[in-house]
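[1] No letters, just coordinates:
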């Protein structure tokens with residue numbers, strides 16, 4: 001894997017990833033930790049989207065001419081959003097499975 005740890009390395013521009021190796025060793029005391037984790041992920045994705053919007057506006061107005069930086073921020077925002085969608089889908093699948101087992 002080229003020496004890169006995909007779980008503990010954050011996406012540049014959206015802050016460090018809240019997922020850490022060894023995080024499963026610690027049992028959560030309640031739903032608050034999970035809610036804070038999800039809230040943090042949503043805020044990170046929102047910030048990545050805002051950063052990409054800002055860089056596009058700067059390119060359009062001529063404040064910046066670095067197209068590579070703009071494209072990088074757009075891709076970071078897209079990857080962060082896709083990851084959030086996949087996490088949501090997995091959570092919904094798990095919820096549906098638990099609900100089907102309870103009936």
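    Thanks, I have the structure now. Computed from a prediction, not measured in an experiment: that's the story for all the values here.
[2] For the helix ranked longest in the chain, name the packing helices and strands.
    Counting residues, the longest helix found in the chain (DSSP state H) is helix 67-102. Judged by 3 or more C-beta pairs under 8 Å, 6 or more residues apart in numbering; DSSP states H and E, helix 67-102 is in contact with helix 31-61. All C-beta spots, glycine's among them, are computed from the backbone N, C-alpha and C.
[3] buried ones in the helix it packs on?
    Applying a neighbour-count criterion of 16 or more other C-beta atoms under 10 Å, one finds 41, 44, 45, 48, 49, 51, 52, 55, 59 buried in helix 31-61.
[4] Make TSV out of those and add pLDDT and distance to residue 93.
    Shown next, in TSV, are those (pLDDT from 0 to 100; distance: C-beta to C-beta, whole Å):
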residue	pLDDT	distance to residue 93
41	91	17
44	95	22
45	95	20
48	96	25
49	96	25
51	95	30
52	96	29
55	96	34
59	94	39
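[5] Pick the one among those residues closest to residue 82.
    residue 45 (9.7 Å; C-beta to C-beta).
[6] could the buried residues of helix 31-61 be laid out in JSON lines, adding distance to residue 100?
    Shown next, in JSON lines, are the buried residues of helix 31-61 (distance: C-beta to C-beta, whole Å):
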{"residue": "41", "distance to residue 100": "26"}
{"residue": "44", "distance to residue 100": "32"}
{"residue": "45", "distance to residue 100": "29"}
{"residue": "48", "distance to residue 100": "35"}
{"residue": "49", "distance to residue 100": "34"}
{"residue": "51", "distance to residue 100": "40"}
{"residue": "52", "distance to residue 100": "39"}
{"residue": "55", "distance to residue 100": "44"}
{"residue": "59", "distance to residue 100": "49"}
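[7] now, which of those residues sits nearest residue 94?
    Distances from residue 94 to those, taken by C-beta to C-beta, are shortest for residue 41, at 16.2 Å.
[8] where does this protein dip in pLDDT?
    Confidence mapping of the chain against pLDDT under 70 gives the ranges 1-30.
[9] How much space separates the residue nearest the centre of it from residue 32?
    By C-alpha atoms, centre = their mean, the chain has its centre lying nearest to residue 80, at 4.2 Å. Applying C-beta to C-beta, to the nearest Å, the value for residue 80 to residue 32 is 23 Å.
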